[in-house]
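Engineer: Show me how the following folds:
(chains A and B)
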Amino acid sequence: MKIMKFAILTLLAASTGAAHAADPFVVGIVAPTTGSLTTVGLRQLSAVQWWEKKVNAAGGIVGRPVLVVHCNDEGSPEKSASCVRDLISKGSVILLNASVTGPIRAAMPLLQNGPVMVTPSPNIVPSPASYVFQTSPSDVDLTKSIASFLKQNKLDRLAMLASTDASGEVGVASAAEVFPKEGIKYDLARIDLRANDASIQLANIVKPEVKVVFSNYSGGGAAAVVKSYNNLSLAQPLIVSYANISDAFINVIKNDLPTRLLGTGLKAVAPEMLDDPARRKHVEDFMASYKEMTKDNVDMLTLLGLTLADTADAVLRNVKDPRDAASVRTYLETNPVPSIQMLRWSKDRHVGMTADDVSVLEYKKGKWVKADPVQ
Amino acid sequence: MNPLTQSLISGLMSGAVYALLAVGLVLAFHTTRVVNLAHGESFAIGGLVAATLADAGLPAYVFAPVAIAASVLFLLAVERFLLRPRRSWPIGNLILVTLAAAFLTRGVLQLAMGVDPLSFPRMFTGAPFRIAGGVLPPQGLALIVIGVTTAVAVTLFLLFTPLGRKLRAVAENPDAAELLGVNVDRARSLAFGIAGALGGLSAVLLVPLVSVDYQAGLGMTLRGFIAAALGGMAPATVILAGLGLGLSEALVTNYAGALAQDPIVFIALIAVAVWQSRKIAFGGTGRA
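Structural biologist: Here you go, the predicted structure:
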């Protein structure tokens, strides 16, 4: 269908002879839409497609329609690199990458000369010399928010579960960087991505003195951690990872919710936590419009997709020639992009948010709100 | 909590599922000589159907039998429409047909059920059993007891009942069995039907403790096949092999970590395969 759409738009543009001005802006997006990371990819892709429809319904950008071309990397590094090559060959002026750590890293060396690629993965901390920009806080920032939450609650002990993939490696490195500095002792166990039981790992790390457990395991399999938590009747609050603040995740664990389910999330997930009224309105408008268009609720993955769309939107509206990767990079390094929260990159930092943009949230009465203290 | 006790409990729970799946695989293998690589799809179908019906508000006494029936129908269809018309094909080709069926089923499940993992409420609830520092939820106990009992019952049926003997006769020599009045097609349908029931039952027992999605099938086939291969594709020994596989995976995870689990399991599988092929190399009568 997307190939057909691409072909028709291309043919139309070619046959009219009019108009270079009517050529679509091609925006390439890599997102896993099959495999174990399907939820991660689909939710973000859906937000970008919402933006495509909305922009085109309003007459496009500077008179040109936007064409979002999707490539499914299935969460595989090899396919991710192949997707990026393919999307560049199709004329993408900007690339969005809604995949996860390993596949995104595999694609980065292909962008030595652009185009700019934007990703929301907190595990990616791009070199300021690169053409890669990241819209989330870094994983270290997320870990800092957990450390800060523990300190606020006068806790110095944590049990941590990390997956055995590249995302898990980043989580382990962030924990080693942040927790000791903050005087927090932590016990770590690893879990295979395909495992359907985490009770052995939990039995090894959840000791009586541990008051909070953190799972940085993302993707659908994270449900195994919550299910095992329930199987063991553990009472400690469980903090789940950034990527699990989603309806799909809640749906699969709804019969096994821990006594307290916490998560590291952007403040925009609970818009009442946003200080800037313009950002709050942007998020609330998106939530209403997205629900009307897709009949689906917005969760954090969709909001991360919106950060990609907002960045692409800002580039296409403000950079005179978006095909010039150097101009796009300079624009992003020198102009904040208003999105669900302000995205601020610089010549020294290609990570768009900081620890201040994150909060430990709690799932209560069907929604994520600011977490209550831990007793 | 005692990690060793918890490992043994987790290992028994996984092992019971592997045993059920392995018995189903062996049953189908013994009537067709085909390793059915679509076997695990019966688990995925059973789990997804149960989760969907439970989500629609149906009680367990409705969704559980319907889910098992769906799994039975699936494997009956694989035998009737894919394998039976191609009976004259080489075994290797038929195995590829079952692999194609597995991928096709995965695609259909993705379209029909969506991509998100699903689960459903436990059928056995109440306070968990605390044993020597380990915790066993009532659903887990049911999984171990019902799973192992069913696997043993099917094995006894195969070994000691006239119908079971007929099924085995079909496996040994279908032409001779047919001459002796055994309806080979019916025997194969029966074997695949029972295998489907075991796949569906394992899903109904396990999924409330974990989750299931459209791509769960091949992973389950792989685990069931490893247990079946470790047990020499013999009905009586695959139950022990399934339980042993579950326990060894759990103990490896506990003592060597999750990263070591797959390498050690596959090294064990290779070692068994080499040991069995040794019988052939030295002129024995054992099958690889």
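
Engineer: Distance of the spatially closest residue to A:Asn56 that is not a sequence neighbour relative to A:Gly28?
Structural biologist: Nearest residue to A:Asn56, sequence neighbours excluded (CB to CB, 6 or more residues apart in numbering or on different chains): A:Pro65, at 5.0 Å. Just so you know, the C-beta spots here come from the backbone N, C-alpha and C atoms, and that holds for glycine as well. Distance of A:Pro65 to A:Gly28, computed by CB to CB, to the nearest Å: 15 Å.

Engineer: These two: who's more crowded?
Structural biologist: Counted by other CB atoms under 10 Å in any protein chain shown, A:Pro65 and A:Gly28 do not tie: A:Gly28 has more neighbours, with 26 against 17.

Engineer: Assign that one to helix, strand or coil.
Structural biologist: Under DSSP: H, G, I helix; E, B strand; the rest coil, the three-state class of A:Gly28 is strand.

Engineer: which ones are touching it?
Structural biologist: A:68-71, A:83-84, A:87-88, A:90, A:92, A:94-96 (CB atoms under 8 Å, 6 or more residues apart in numbering or on different chains).

Engineer: So, low pLDDT: which residues of the stretch 101-250 of chain A?
Structural biologist: A:193-194, A:219-221 (pLDDT under 70).

Engineer: Show me what from it comes close to chain B.
Structural biologist: With CB under 8 Å from any CB of the partner chain as the criterion, the stretch 101-250 of chain A comes near chain B at residues A:164, A:189-192, A:194-197, A:199-204, A:206, A:220-221, A:223-224, A:227, A:230-233, A:248.

Engineer: what about A:Asp23, distance to A:Pro373?
Structural biologist: From A:Asp23 over to A:Pro373 the distance is 56 Å, taken as CB to CB.

Engineer: If you could redo that for B:Val115, that was the one I meant.
Structural biologist: For B:Val115 relative to A:Pro373 (CB to CB), the value is 37 Å.

Engineer: next one: B:Ala51
Structural biologist: Distance from B:Ala51 to A:Pro373, counting by CB to CB: 35 Å.

Engineer: And these two? Which one has more around it.
Structural biologist: Between B:Ala51 and A:Pro373, counting by other CB under 10 Å, B:Ala51 is the more crowded of the two (25 against 8).

Engineer: right, and that one touches B:Phe120 too?
Structural biologist: Yes - counting by CB atoms under 8 Å, B:Ala51 does reach B:Phe120; the two are 4.6 Å apart.

Engineer: Common neighbours of these two, please.
Structural biologist: Common contact partners of B:Ala51 and B:Phe120 (CB under 8 Å, 6+ apart): B:Val207.

Engineer: Okay, buried residues for the lowest-mean-pLDDT helix or strand in chain B please.
Structural biologist: Of the helices and strands making up chain B, the lowest-confidence element is helix B:261-281, at a mean of 75, by mean pLDDT, DSSP states H and E. Applying a neighbour-count criterion of 16 or more other CB atoms under 10 Å in any protein chain shown, one finds B:Gln261, B:Val265, B:Ala268, B:Leu269, B:Val272, B:Gln276 buried in helix B:261-281.

Engineer: is that helix up against chain A anywhere?
Structural biologist: Yes - residues of helix B:261-281 contacting chain A under CB under 8 Å from any CB: B:Gln261, B:Asp262.

Engineer: How many neighbouring residues does residue 71 have?
Structural biologist: Because you didn't say which chain, this covers chain A. 23.

Engineer: hm, I was asking about chain B
Structural biologist: 30.

Engineer: Let me see the contact set for it.
Structural biologist: By CB under 8 Å, 6+ apart, B:Ser71 lies in contact with B:Ser42, B:Phe43, B:Ile45, B:Gly46, B:Val49, B:Gly196, B:Ala197, B:Gly199, B:Gly200, B:Ala203.

Engineer: Where does A:Leu67 sit: helix, strand or coil?
Structural biologist: For A:Leu67, the assignment made with three-state DSSP gives strand.

Engineer: Would you map the helices across the stretch 101-250 of chain A?
Structural biologist: For the stretch 101-250 of chain A, the helices defined by DSSP state H, counting those that start in this stretch occupy A:101-107, A:139-152, A:166-178, A:199-205, A:222-231, A:247-253.

Engineer: Could you dump those into TSV with mean neighbour count and distance to A:Arg280 added?
Structural biologist: What follows is the helices of the stretch 101-250 of chain A, written out as TSV (neighbours: other CB atoms under 10 Å in any protein chain shown; distance: least, CB to CB, whole Å):
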stretch	mean neighbour count	distance to A:Arg280
helix A:101-107	23	30
helix A:139-152	22	20
helix A:166-178	20	29
helix A:199-205	26	38
helix A:222-231	26	29
helix A:247-253	22	21
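
Engineer: Format those helices as JSON lines; extra columns: distance to A:Thr259.
Structural biologist: JSON lines is the format used below for the helices of the stretch 101-250 of chain A (distance: least, CB to CB, whole Å):
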{"stretch": "helix A:101-107", "distance to A:Thr259": "31"}
{"stretch": "helix A:139-152", "distance to A:Thr259": "17"}
{"stretch": "helix A:166-178", "distance to A:Thr259": "24"}
{"stretch": "helix A:199-205", "distance to A:Thr259": "15"}
{"stretch": "helix A:222-231", "distance to A:Thr259": "9"}
{"stretch": "helix A:247-253", "distance to A:Thr259": "13"}
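
Engineer: A:Leu274: which of these is closest?
Structural biologist: Among these, the nearest to A:Leu274 by CB to CB is helix A:139-152 (15.7 Å).

Engineer: Could you give the separation of the closest one from the chain centroid?
Structural biologist: Using CA atoms, centre = their mean, to the nearest Å, the mean C-alpha position of helix A:139-152 is found 18 Å from that of the whole chain.
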